[in-house]
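Asker: Predicted coordinates and the sequence they were generated for:
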Amino acid sequence: MMRDLLDFYERAPLIELGAEADRVRREKHPDDVVTFIIDRNINYTNVCVADCGFCAFYRRPKHHEGYTLSFEQIGKKIDETKALGGVQILIQGGHNPYIPFQWYLDLLKYIKTYHPIHIHGFSPSEIDFFSTVFRMDAKDVIRELQNAGLDSIPGGGGEILVQRVRDIVARKKAGADRWLEIMELAHQAGMKTTVTMMYGIGETNAERLEHLVRVREVQARTGGFTAFICWPLQPENTPTMSQQPKTDAVTYLRTVALARLVLDNVPNLQASWVTMGLKIGQLSLRFGCNDFGSLMIEENVVSAANTTYRTTVEELDRLIRDAGFAPARRRQDYSLIAA
Ligand code: SF4
């Protein structure tokens with residue numbers, strides 16, 4: 001079956017691939033509603049010791065552009081988010097060796113007390129980093145973060161979940177097995193998570209498929225992934241990958257379609273219009289995607305690589321309608337928000 005899928009991914013006419021993915025999407029979402037969430041990405045620190053070759057965002061410790069936000073700055077961003085209709089924050093940061101574990105717990109409690117909102121935060125790579133530097137089991141890290149107010153975990157730092165690739169581009173952070181193990185632990189703790197794939201970092205097509213198959217296997221055990229999101233490497237300004245060619249829109253469409261076919265146990269597929277542009281975002285709704293991801297108020301990581309497409313709620317509504325679907329705003333758990 002896998003050989004067949006790889007062959008289909010590489011050789012099928014684009015339209016045929018899209019039609020198959022659209023068939024699966026329609027089975028799962030027959031009402032033709034395309035959802036999106038309004039949220040804000042808060043990168044609490046850009047100080048990082050992981051040195052990922054594809055990352056244009058981080059600064060090494062002691063770099064003059066390094067920062068860590070204060071609780072008050074974060075609280076202000078949340079208030080601004082809510083004022084604009086935002087229903088969650090996505091809080092992620094670099095692997096900053098100077099922040100103690102208590103800071104994270106206090107931050108979560110502070111948010112829940114003074115600026116309550118859904119907190120989607122701390123990718124498996126960060127949780128693995130906490131587990132290493134604070135010498136705690138990942139299970140305990142997750143439990144303590146959850147008790148302090150963490151609601152769900154984003155799929156950041158997944159890139160390609162094949163160790164050969166990670167050894168080349170992200171050697172110092174959670175390996176493929178560990179990343180998936182942390183997701184599984186989070187699911188066992190009752191938390192929902194998303195899962196991602198960033199491709200175009202030197203992997204083969206077979207390794208892209210392997211990534212998807214591994215995600216599918218975890219999902220078969222836990223059912224904890226709510227959505228899958230993929231996007232290509234944004235090579236500009238990255239430490240070691242700025243010469244890497246940017247992959248094209250056709251590859252993106254083929255890849256989301258493949259994901260829709262392999263991940264038949266993951267309910268939602270998000271379009272990555274932030275990296276691909278709004279037109280390709282629209283097209284991806286016929287290649288397996290049923291969700292327009294987030295209307296994000298701030299996106300530091302992608303914009304550090306000079307790639308940001310910004311838009312408004314009205315524009316998103318119009319784009320979704322123009323593509324033949326009914327737009328709806330949602331929460332992190334995909335429940336709809338009445339217009
Ligand atoms: S991708 Fe994340 S972990 Fe890697 S260098 Fe950038 S901030 Fe650090």
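Answerer: All right, it came through fine.
Asker: ok, residue 179 touching residue 156?
Answerer: No: using C-beta atoms under 8 Å, residue 179 is not in contact with residue 156, being 9.9 Å away. C-beta: built from backbone N, CA, C; applies to glycine.
Asker: Tally up the residues packed near residue 32, please.
Answerer: Other residues within reach of residue 32, judged by other C-beta atoms under 10 Å, total 14.
Asker: Same question for the one 10 residues further on.
Answerer: Around residue 42 there are 22 other residues, counting by other C-beta under 10 Å.
Asker: Could I get the pLDDT score of residue 231?
Answerer: At residue 231, the model reports a pLDDT of 94.
Asker: Run through who's touching the helix or strand where residue 213 lies.
Answerer: Using DSSP states H and E, the element containing residue 213 is helix 205-222. With C-beta atoms under 8 Å, 6 or more residues apart in numbering as the test, helix 205-222 has contacts from 2, 5-6, 9-10, 158, 160-162, 164-165, 176, 180, 183-184, 187-188, 195, 197, 199, 203, 224-225, 228, 255, 258-259, 262-266.
Asker: Show me which of those are buried.
Answerer: Buried members of the contacts of helix 205-222, scored by 16 or more other C-beta atoms under 10 Å, are 5-6, 9, 158, 160-162, 165, 176, 180, 183-184, 187, 195, 197, 199, 203, 224-225, 228, 255, 258-259, 262-263, 266.
Asker: Show me those that map onto strands.
Answerer: Among the buried ones among the contacts of helix 205-222, the members falling in strands (DSSP state E) are 195, 197, 199, 225, 228.
Asker: Show me which pair in these is furthest apart.
Answerer: Maximum pairwise distance among these (C-beta to C-beta): 17.7 Å, between 199 and 225.
Asker: More neighbours: residue 179 and residue 156, which one.
Answerer: residue 179 (27 against 21).
Asker: Run through the residues that contact the more buried one.
Answerer: Contact analysis of residue 179 by C-beta under 8 Å, 6+ apart lists 124, 125, 128, 157, 158, 161.
Asker: can we see that at 7 Å?
Answerer: Residues counted as contacts of residue 179 (C-beta atoms under 7 Å, 6 or more residues apart in numbering) are 124, 125, 157, 158, 161.
Asker: Look up the closest residue to the last one, ignoring the ones flanking it.
Answerer: If I follow you right, that is residue 161. Spatial nearest neighbour of residue 161, excluding adjacent residues (C-beta to C-beta, 6 or more residues apart in numbering): residue 176 at 4.2 Å.
Asker: can I assume the one you found is in contact with residue 164?
Answerer: No: using C-beta atoms under 7 Å, residue 176 is not in contact with residue 164; the gap is 9.1 Å.
Asker: if we can go back for a sec, quick check: neighbours shared by residue 179 and residue 156?
Answerer: residue 125.
Asker: how about the residues of the stretch 51-200 of the chain that lie near the ligand?
Answerer: Those residues of the stretch 51-200 of the chain that sit near the ligand, judged by C-beta under 6 Å from any ligand atom, are 51, 52, 55, 57, 58, 94, 95, 125, 173.
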